[in-house]
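[1] Sequence below, structure please.
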Amino acid sequence: MQALANHDAVTAVATLRALLTREDKLPETPEMLARGILATALAALGRIVEAREEAEKAIWLASDLGDSESRSHYEGLLRQLDVIGMSDDAVDQAFERASQARDVGDVATAESELNTVLIAALAHLRVDLEASARGMLAETLLMRGAVAEAKTHLERAQEIAREIADEDAAAHFGAVLESIDTEDGADRYRHEADVARRADEVQKLAGQAMEAGDFEQAVSLLQPVAQEAQALGALASEASLRGMLAQAHLLSSHRKDAEIEARRALEIAEQLGAKDAADGFRQILQLAIGWTTPVGEA
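    Model (predicted):
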């Protein structure tokens, strides 16, 4: 551990190899710990295949010991090694885990996953992945108010996007940089991200309520977050919430309420240039005002 702290992975590997190959076999718990540290040291030297072998042995030992906490830790290490080894599936899963963690407000886990992808991207000179990881990491950092650090990642992500001629990505990163250019802007961005996260959460719960036929419960979940999104000017979140509110009202035969919500959702979608969303809201509006088959007869 001291060698690793001194960035001397070669000494760490040699010390651990000597420990693991000595005549007197180590008990399982010390062996598990040694193999876990050895996996980390080997990874630091870029010897990913060997590192995976040691991590797998550590997992096996943890299972044999009934140590679920250590097993979970080494399984996480193995996933990180797969990302560092640039397994496409592992990278995609890391992004997905980061997204899921961020959606539930677990910023620490999201940052850990994204930092692993960033390290791998830098090691393999994958600038496309570097830009994606930096952009998502910046947005995650903003959730906990780390504005200066987020700006550094966004500036590099925008630079890469321009280098690889990805104008859409460059424009996106530029828009985020512009939106957080002031302290008020950074606070606003963070609040909007929080509303978007909660909007996704309540829509899932409202969807479950609607499947169970409890449309009033769906409305009670969606309405306060929609109002908050409107007050904050978080248009995309508001449109999505109001579209779902319109559906809930329509299914409970409250057509006038459905019309009001659908009109607002359609107005926002057209303002944002979201054609597919606008088409969907327009269909709900048509049902609400009776231009097509009434919902009871559909």
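[2] While we're on the closest residue to Gly85 other than its chain neighbours, how confident is the model there?
    Leaving aside its sequence neighbours, Gly85 sits nearest to Ile48 (Cβ to Cβ, 6 or more residues apart in numbering; 4.3 Å). C-betas here are computed from N, CA, C, even on glycine. On pLDDT, Ile48 comes in at 87.
[3] Pull out the buried residues from the host helix or strand of Glu267.
    Using DSSP states H and E, Glu267 falls within helix 255-272. The neighbour-count check on helix 255-272 (16 or more other Cβ atoms under 10 Å) flags 255, 257-266, 268-269 as buried.
[4] which regions of this structure sit below the pLDDT cut-off?
    291-298 (pLDDT under 70).
[5] Show me the longest helix that occurs in it.
    Of all segments of type helix in the chain, defined using DSSP state H, the longest is helix 183-211.
[6] got the buried residues for the helix or strand following that helix?
    For helix 183-211, the following helix or strand on the C-terminal side (DSSP H and E) is helix 215-232. By 16+ other Cβ under 10 Å, the buried positions in helix 215-232 come out as 215, 217-219, 221-223, 225-226, 228-230.
[7] Now name the helix or strand holding the residue nearest to the spatial centre of the chain.
    Centroid-nearest residue in the chain, with Cα atoms, centre = their mean: Ser99, separated by 1.2 Å. If you go by DSSP H and E, Ser99 is part of helix 88-103.
[8] Next secondary structure after that helix?
    helix 107-123.
[9] Other residues contacting that following helix?
    Residues external to helix 107-123 that are found in contact with it (Cβ atoms under 8 Å, 6 or more residues apart in numbering): 46, 80, 83-86, 91, 94-95, 97-99, 101-102, 126-127, 129-130, 132-134, 136-137, 140-141, 143-144.
[10] count of residues packed around the closest residue to His7 other than its chain neighbours?
    Spatial nearest neighbour of His7, excluding adjacent residues (Cβ to Cβ, 6+ apart): Ala44 at 7.9 Å. Per other Cβ atoms under 10 Å, the neighbour tally for Ala44 reads 16.
[11] so Ala44 makes contact with Ala5?
    No: with contact defined as Cβ atoms under 8 Å, Ala44 does not count as touching Ala5 (11.4 Å).
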